[in-house]
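Q: the sequence isn't on hand, but the structure is:
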């Protein structure tokens, strides 16, 4: 069943888009990420213009994240105070990111920047997460003792925790500077605007390893912040760049909401190390595919020559 997308100016199969939305929604509920790091490349692979894929995917992330947050809130896995601080930084970052996106689009470089950003961020983050999480998984398989507190993300104390403007986050059992979550939110806001992602692939490891939050609380809190930042990004993309395809967004929303509920149910059955290892493998897989597409020779070669009259 084909349907025409007016902004993307192409026809797509309805059931394929619904299935894609459901799969990404499942990842959102399972890992606490918006899923845009996977959906945006998938849309581009299908032929959707990169600018439209980025603008529209931010809208889909909102719905899947809302669905996931509700499921995690019922289990008490959302630090609302931390989420608000992250959101403040995210609003500032998304505003700057949409402005940069508009400039890059005018220069005709937005597609290249999107692809390079994915390869860089996904490759680095996925590699670091896999490097850290695999030892914990192997210890459980071999029956070795648990990791020491120093080897875990939560509970670490470094120079970062000596920064000023400290706030107490009771749910996460933290007493740290507000500057740190504000900066994390700001960076994620920029990525949400330029890459069409919720930023969970940056947010989740940053909250675990930088802020020192417990993994289970991180998932719900990450989704909480993603809701408001991506909603702001969607509004700005629609009004400034006109790159939001409403029909495509609705199809992705329907599948995303259902998938997020299923993913949240599976999340409580997995250990923190397992969640981080699975997310790292998915992130690395997407990065490798995008890097491959950047270096392979295109199927059709074009040449530029002066017209002979």
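A: Looks like it came in fine. Keep in mind it's a predicted model, so treat the numbers as computed, not measured.

Q: the strands in the stretch 51-200 of the chain, which residues?
A: For the stretch 51-200 of the chain, the strands defined by DSSP state E, counting those that start in this stretch cover 166-169, 174-177.

Q: now these as a markdown table including mean pLDDT and distance to residue 39?
A: All C-beta atoms are positioned from the backbone trio N, CA, C, and that covers glycine. Below are the strands of the stretch 51-200 of the chain laid out as a markdown table (pLDDT from 0 to 100; distance: least, CB to CB, whole Å):
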| stretch | mean pLDDT | distance to residue 39 |
| --- | --- | --- |
| strand 166-169 | 80 | 30 |
| strand 174-177 | 78 | 31 |
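
Q: for residue 118, find the nearest of those strands.
A: Nearest to residue 118, of all the strands of the stretch 51-200 of the chain, is strand 174-177, at 30.0 Å by CB to CB.

Q: quick one: strands adjacent to that closest one?
A: Taking DSSP bridges as the criterion, strand 174-177 forms sheet pairs with strand 166-169 (antiparallel).

Q: next one: the partner strand to chain centre, how far?
A: Counting by CA atoms, centre = their mean, to the nearest Å, strand 166-169 is centred 25 Å from the centre of its parent chain.

Q: neighbouring contacts of that strand?
A: 79, 81, 82, 85, 174, 175, 176, 177, 178 (CB atoms under 8 Å, 6 or more residues apart in numbering).

Q: mind putting these in CSV, neighbour count and distance to residue 12 included?
A: Listed next are the contacts of strand 166-169 as CSV, based on neighbours: other CB atoms under 10 Å; distance: CB to CB, whole Å:
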residue, neighbour count, distance to residue 12
79, 25, 38
81, 17, 41
82, 28, 38
85, 20, 39
174, 23, 44
175, 11, 49
176, 23, 45
177, 17, 46
178, 17, 44
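
Q: with respect to residue 265, which of these is nearest?
A: Closest to residue 265, out of all of the contacts of strand 166-169 and judged by CB to CB, is residue 79, at 20.9 Å.

Q: residue contacts, the nearest residue to the closest one once chain neighbours are set aside?
A: Distances taken as CB to CB, 6 or more residues apart in numbering put residue 171 closest to residue 79, at 3.8 Å, once the chain neighbours are dropped. Counting by CB under 8 Å, 6+ apart, residue 171 makes contact with 78, 79, 80, 81, 82, 217.

Q: try it again at 10 Å.
A: 76-83, 213-214, 217, 220-221 (CB atoms under 10 Å, 6 or more residues apart in numbering).

Q: and of those residues, the nearest to residue 39?
A: residue 220 (20.6 Å).

Q: how near is the residue nearest to residue 79 to residue 182?
A: From residue 171 across to residue 182, the span is 18 Å (CB to CB, to the nearest Å).

Q: helix/strand/coil for residue 244?
A: At residue 244 the chain is in coil, as set by DSSP: H, G, I helix; E, B strand; the rest coil.

Q: go ahead and confirm it touches residue 55.
A: Yes - assessed by CB atoms under 10 Å, residue 244 is found in contact with residue 55 at 4.6 Å.

Q: what about residue 4, how many residues close to it?
A: 10 (other CB atoms under 10 Å).

Q: hey, what's it bridged with?
A: residue 11.

Q: picking up where we left off before, who's more crowded, residue 244 and residue 55?
A: A count of neighbours by other CB under 10 Å puts residue 55 above the other of residue 244 and residue 55, at 29 against 22.

Q: what's near enough to touch that one?
A: Residue 55 neighbours (CB under 10 Å, 6+ apart): 7, 40, 49, 98, 101, 193, 196, 233-234, 236-238, 240-245, 248-249.

Q: what about the residues you listed, which are in helices?
A: 40, 98, 101, 193, 233, 234, 236, 248, 249 (DSSP state H).

Q: redo these as JSON lines? Include pLDDT.
A: Output for the ones in helices among the contacts of residue 55, formatted as JSON lines (pLDDT from 0 to 100):
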{"residue": "40", "pLDDT": "77"}
{"residue": "98", "pLDDT": "84"}
{"residue": "101", "pLDDT": "81"}
{"residue": "193", "pLDDT": "79"}
{"residue": "233", "pLDDT": "78"}
{"residue": "234", "pLDDT": "76"}
{"residue": "236", "pLDDT": "79"}
{"residue": "248", "pLDDT": "84"}
{"residue": "249", "pLDDT": "80"}
